[in-house]
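Asks: what's the 3D shape of this:
(chains A, B, C and D)
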2 protein chains.
Amino acid sequence: MTIRPTPRISARKQPKQERSRQVVAAILTAAGRVLAREGVRRFTAARVAVEAGVSVGSLYQYFPNKEAILFRLQADEWKETGGLLGGIIADATLPPLERLRAAVHEFIRSECEEAGMRAALDDAERLYRDAPEARRLRLAVTRTVRAFMREALPHTPQSVRIVAADVMMTAMEAVGKQISEGEYAPAAIDARARALADMFCAYLDTLRASVDV
Amino acid sequence: MTIRPTPRISARKQPKQERSRQVVAAILTAAGRVLAREGVRRFTAARVAVEAGVSVGSLYQYFPNKEAILFRLQADEWKETGGLLGGIIADATLPPLERLRAAVHEFIRSECEEAGMRAALDDAERLYRDAPEARRLRLAVTRTVRAFMREALPHTPQSVRIVAADVMMTAMEAVGKQISEGEYAPAAIDARARALADMFCAYLDTLRASVDV
DNA sequence: TGATAACGCGACTATCTATTCGTATTATTC
DNA sequence: GAATAATACGAATAGATAGTCGCGTTATCA
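Replies: A predicted model of the protein is given here:
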């Protein structure tokens, strides 16, 4: 329904000298601060440039628009937690459900780091979510999760597995967002992680039971 | 972290004559169309006024700002589906888990109506979510769900119930959003509703089992 | 050292947007 | 049918924002 032109997000120019690499780095950390402090609505190229101690012109030399900065920030987060989760979920020395539990807790924990920035990043998601780069990143995560599901539920029909994986991912992300947005005590956060893990395990158990009769 | 001034959202002036009531109605339906067609970013008072065939001035006579329009749109949706869900979930003639199942399906179904507008409304949520009116509405839903949980899991500690209710609500909303945003075939939507309901039921079953030993 | 490429700068333009306010029009009341 | 309240109007104001461009500075390399 909504017609959204997908924004260009890829970098405009690669920094070649050391100083320009530092400029890019300064822009990114400044962007994180601006986002956490002011929220998406007031996240502007000008403000980021000031915070980074750099001119707008320099900023636009490396990022085609502000969406690209936000995406880069988010992509870095994704790569980091994606790597962590991938490691946990692929660790064949533990039974699948243990791994799932561990992954859920790790995910929730990671959402708590720099919660202010993450919350704002979630708000900003719509600014870049339709871009192909974002889709590609998301797909990588999806594949990891599906691989896990294939291992955990080898006898469940693929169609069921895929939907289950999808719903679980959505749920986990949503709880993560919720936590990074509100003020939750550590105990409350932990309780939510546990509840989520319990819920997933219970679900997978019934799925397994409904086939392995 | 983020300092967000909570926007004023309540109506500025109550329409007293028939023609002004029509203006308000025209504004609201036009707002829905604009939102669905152009997305939040291009949702402006001017555009809504044009779409409604009304002047900006008239618009501002009944809404203090555009957030108020969005909130009103969302509030109307919430009241509608809230009423529906409340009815299903309180229907004491069915066993609790049956009701839960029915409620999940009903919720997902309702999210599919006017999906374009709903998706944009979700994007717009941050514009009004901190306002007291929005908190109050949300609380009403929370209470309904908690009451249900109390009935379904009478022997589970309250603290566990509350967290479980919270996580389930979050998950359901997230799946609903996801569906209203993407292009899903009816079968895919149904599969997700079923998966969600299965997951919830499995979870509640284990919670029940862990106490009623 | 001189030539060239990379980099950094920030004033500037072109839009958009929210919201107000004085005036004109229409309903209601007496 | 005055008088008054309610409503409708939309030009105008004040501000924000995205993104560019030409020029000066710094690095690289022969």
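Asks: Closest to the centroid, which residue in chain A?
Replies: The C-alpha lying nearest the average C-alpha coordinate of chain A belongs to residue A:78 (CA atoms, centre = their mean; 4.3 Å).
Asks: quick one, the helix or strand of chain A with the lowest mean pLDDT and helix B:115-124 angle?
Replies: Least confident helix or strand, chain A: helix A:115-124 with a mean of 88, by mean pLDDT, DSSP states H and E. Helix A:115-124 and helix B:115-124 meet at an angle of 160 degrees, taking axes from the mean of the first three to the mean of the last three CA atoms, to 10 degrees as the criterion.
Asks: quick revisit: so for the residue nearest to the centre of chain A, what pLDDT did the model give?
Replies: Listed pLDDT for residue A:78 reads 90.
Asks: before we move on, what about the one 4 residues further on?
Replies: Reading off the confidence values, residue A:82 has pLDDT 91.
Asks: before we move on, what about residue A:22?
Replies: 96.
Asks: between the helix or strand encompassing residue A:194 and helix B:186-209, how many degrees?
Replies: Element membership of residue A:194 [criterion: DSSP states H and E] is helix A:186-209. Using the same axes, to 10 degrees, the inter-axis angle of helix A:186-209 relative to helix B:186-209 is 110 degrees.
Asks: Which strands or helices does the least confident helix or strand of chain A pack on?
Replies: Judged by 3 or more CB pairs under 8 Å, 6 or more residues apart in numbering or on different chains; DSSP states H and E, helix A:115-124 is in contact with helix A:18-38, helix A:66-90, helix A:158-181. C-beta here means a position set from N, CA and C on the backbone, and glycine is covered the same way.
Asks: what's the offset of the first one from the middle of its chain?
Replies: Counting by CA atoms, centre = their mean, to the nearest Å, helix A:18-38 is centred 19 Å from the centre of its parent chain.
Asks: Return the distance of residue A:39 relative to DNA strand D.
Replies: 10 Å (CB to the nearest atom of the strand, to the nearest Å).
Asks: Equivalent analysis for residue A:29, please.
Replies: Residue A:29 is 19 Å from DNA strand D, where distance means CB to the nearest atom of the strand.
Asks: Tell me the confidence at that residue?
Replies: At residue A:29, pLDDT is 96.
Asks: try residue A:57
Replies: The predicted local confidence for residue A:57 is 95.
Asks: just checking, what packs against the helix or strand harbouring it?
Replies: Secondary structure from DSSP H and E places residue A:57 in helix A:56-62. In terms of contacts (3+ CB pairs under 8 Å, 6+ apart), helix A:56-62 is packed against helix A:18-38, helix A:45-52.
Asks: Report the residue ranges of every domain in chain A.
Replies: Chain A breaks down by automatic domain parsing into domains covering A:18-64, A:73-208.
Asks: sorry, back to before: could you export the helix holding residue A:194 as PDB, CA atoms only?
Replies: This file holds the C-alpha atoms of helix A:186-209, laid out as PDB (Å, rounded to 0.1, in the frame of the first residue of the first chain):
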ATOM      1  CA  PRO A 186      17.800  -6.300  36.200                       C
ATOM      2  CA  ALA A 187      15.500  -8.800  37.900                       C
ATOM      3  CA  ALA A 188      12.600  -7.900  35.600                       C
ATOM      4  CA  ILE A 189      14.800  -8.200  32.600                       C
ATOM      5  CA  ASP A 190      16.000 -11.600  33.700                       C
ATOM      6  CA  ALA A 191      12.500 -12.700  34.300                       C
ATOM      7  CA  ARG A 192      11.500 -11.700  30.800                       C
ATOM      8  CA  ALA A 193      14.400 -13.600  29.300                       C
ATOM      9  CA  ARG A 194      13.500 -16.600  31.300                       C
ATOM     10  CA  ALA A 195       9.900 -16.400  30.400                       C
ATOM     11  CA  LEU A 196      10.800 -16.100  26.700                       C
ATOM     12  CA  ALA A 197      13.100 -19.100  26.800                       C
ATOM     13  CA  ASP A 198      10.500 -21.100  28.700                       C
ATOM     14  CA  MET A 199       7.900 -20.300  26.200                       C
ATOM     15  CA  PHE A 200      10.100 -21.200  23.300                       C
ATOM     16  CA  CYS A 201      11.100 -24.500  24.900                       C
ATOM     17  CA  ALA A 202       7.600 -25.400  25.700                       C
ATOM     18  CA  TYR A 203       6.600 -24.700  22.200                       C
ATOM     19  CA  LEU A 204       9.400 -26.700  20.600                       C
ATOM     20  CA  ASP A 205       8.600 -29.600  23.000                       C
ATOM     21  CA  THR A 206       5.000 -29.800  21.800                       C
ATOM     22  CA  LEU A 207       6.000 -29.500  18.200                       C
ATOM     23  CA  ARG A 208       8.500 -32.300  18.700                       C
ATOM     24  CA  ALA A 209       5.900 -34.400  20.600                       C
END
